[in-house]
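Turn this into a model:
(chains A and B)
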Amino acid sequence: EVQLLESGGGLVQPGGSLRLSCEASGFTFGNSFMSWVRHAPGRGLEWVSGITGPGGGPYLAASVRGRFTISRDNSKNTVYLQMVSLRADDTAIYYCARTHYDASGYYHDYWGQGTLVTVSS
Amino acid sequence: QMTQSPSSLSASVGDRITITCRASLSITTYLNWYQQKPGKAPRLLISAASDLQSGVSARFGGSGSGTDFTLTIGSLQPEDSATYYCQQSYSPPLTFGQGTKVEIK
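Below is the predicted model of the structure:
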């Protein structure tokens, strides 16, 4: 059974930092593209970042480029999202998602339960 | 950029509904559809514009190519109350549409 377990969310002040983790199990993690997707209150889904199985890319949405960094440790089956210079509009539930890729494109076939990040003074 | 319409709709059980997604550039059939219910993670319904995922009801259907796509629910059921999102799947950033909230009358 595929499982994705996010952790690391919480309350942080504007300008602060936070590191999210997502521990995976039930599939060959090192071969899998992984993504972070967020859902802000009252807003839609936003794809935030992605990284290939060997750690390539990485890919970042324009809204977080220069502030967020994605990385992974395949020995620990874990992907990370380091977030600095956090702003109020980064407040959201952050989901980790396994991202399948083939000739027909990318899609997120498994999702974690999400971790809440609140940026507020 | 992905643009969905309508932003919300209300329909009765048994109705056929259609949600539209338009891409700013051609993405051939690199288009996914997701369903999200309150407090839950999104669920993949359709990939590659029309490929129904295993376990998804056959009342869901996807079509389109290029810039214009549709998600159709053939006979709306109470459990279909949710927000639906399209997503371009060609290359990162994997942009989502803004969502369509479907309510049951």
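
Which residues does the residue nearest the centre of chain A form beta bridges with?
Nearest to the mean C-alpha position of chain A, by Cα atoms, centre = their mean, lies residue A:36 at 2.5 Å. When bridges are called by DSSP bridges, residue A:36 pairs up with residue A:49, residue A:96.

Do I have it right that it meets residue A:48?
Yes - counting by Cβ atoms under 8 Å, residue A:48 is a contact partner of residue A:36 at 4.4 Å. Glycine gets a C-beta too; all of them are placed from N, C-alpha and C.

so where does residue A:4 fall, helix or strand?
Per DSSP states H and E, residue A:4 falls inside strand A:3-7.

Now do the buried residues in that strand.
Going by neighbour count (16 or more other Cβ atoms under 10 Å in any protein chain shown), the buried part of strand A:3-7 is A:4, A:6.

first to last residue in stretch B:80-96, what's the distance?
Length of stretch B:80-96, first residue to last, Cα to Cα, to the nearest Å: 20 Å.

So residue A:82 sits against residue A:72, correct?
No - at 11.6 Å, residue A:82 does not count as touching residue A:72 under the criterion of Cβ under 8 Å.

Comparing those two, which residue is more hemmed in?
When residue A:82 and residue A:72 are compared for neighbours, residue A:72 comes out ahead with 22 against 14, by other Cβ atoms under 10 Å in any protein chain shown.

can you tell me which residues contact residue 98?
All of this is about chain A. A:2, A:4, A:24, A:27, A:32-35, A:108-111 (Cβ atoms under 8 Å, 6 or more residues apart in numbering or on different chains).

please go with chain B instead
A:44, B:2-4, B:7 are the contacts of residue B:98 under Cβ under 8 Å, 6+ apart.

Would you mind listing where the chain has pLDDT under the threshold?
Just so you know, I chose chain A. The model of chain A has no residue with pLDDT under 70.

nope, chain B
For chain B, no range has pLDDT under 70.

and the spatially most central residue of it, helix, strand or coil?
Most central in chain B under Cα atoms, centre = their mean is residue B:33, positioned 4.0 Å from the mean C-alpha point. Classification of residue B:33 by DSSP: H, G, I helix; E, B strand; the rest coil places it in strand.
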